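Peer 1: let me see the structure of the following:
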Amino acid sequence: QVQLVESGGGLVQAGGSLRLSCAASGRTFRNYAMGWFRQAPGKEREFVAAISWSGSRTYYADSVKGRFTISRDNAKNTVMVYLQMNSLKPEDTAVYYCAAARDDIRTSARSYDYWGQGTQVTVSS
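Peer 2: All right, here's what the predicted structure looks like:
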């Protein structure tokens, strides 16, 4: 059974930090590129960050570059993917989703094969 389970969301003041986690199991996710997307109310889902299967390459949306860091731990059967979010802004408020792609790093949501249920991040001003 494929499962991607996000955690770590919550309410934080502007300028604060949060660390999101994603536990991926049910496939050999250590061979998958992993990504984070977000969706704010009334907006389309947008790419945030992605990391290659080995962790050697990362890619970020311009809006989060320098503030967010994606990382992964392939050591166990359940692959962990993290998104460290610093200097948070109110415009970062959204539901954040973890996703897995069989191919290399992708920025399009259509390229991802598995998705989590999401975790809410709310940044107050």
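Peer 1: now the residue nearest the centre of the chain: how far from Val64?
Peer 2: The centre of the chain sits closest to Trp36, judged by CA atoms, centre = their mean, with a distance of 2.4 Å. Between Trp36 and Val64 the computed distance is 9 Å (CB to CB, to the nearest Å). For every residue, glycine as well, the C-beta is placed using N, CA and C.
Peer 1: any shared contact partners between the two?
Peer 2: Between them, Trp36 and Val64 share the neighbouring residues Val48, Ala49, with contact defined by CB atoms under 8 Å, 6 or more residues apart in numbering.
Peer 1: wait, what's in contact with the closest residue to Gly26 other than its chain neighbours?
Peer 2: Spatial nearest neighbour of Gly26, excluding adjacent residues (CB to CB, 6 or more residues apart in numbering): Val2 at 3.7 Å. In this structure, Val2 makes contact with Ser25, Gly26, Arg27, Tyr114, judged by CB under 8 Å, 6+ apart.
Peer 1: going along the chain, name the strands of the chain.
Peer 2: 3-7, 10-13, 18-25, 33-39, 46-51, 58-60, 68-73, 79-85, 94-101, 114-115, 119-124 (DSSP state E).
Peer 1: would you mind giving the ones you listed as TSV with mean pLDDT added?
Peer 2: What follows is the strands of the chain, written out as TSV (pLDDT from 0 to 100):
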stretch	mean pLDDT
strand 3-7	98
strand 10-13	98
strand 18-25	98
strand 33-39	98
strand 46-51	98
strand 58-60	98
strand 68-73	98
strand 79-85	98
strand 94-101	98
strand 114-115	98
strand 119-124	98
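Peer 1: Thr107: which of these is closest?
Peer 2: Nearest of the strands of the chain to Thr107, taken as CB to CB: strand 46-51 at 4.4 Å.
Peer 1: sweet, I'm off.
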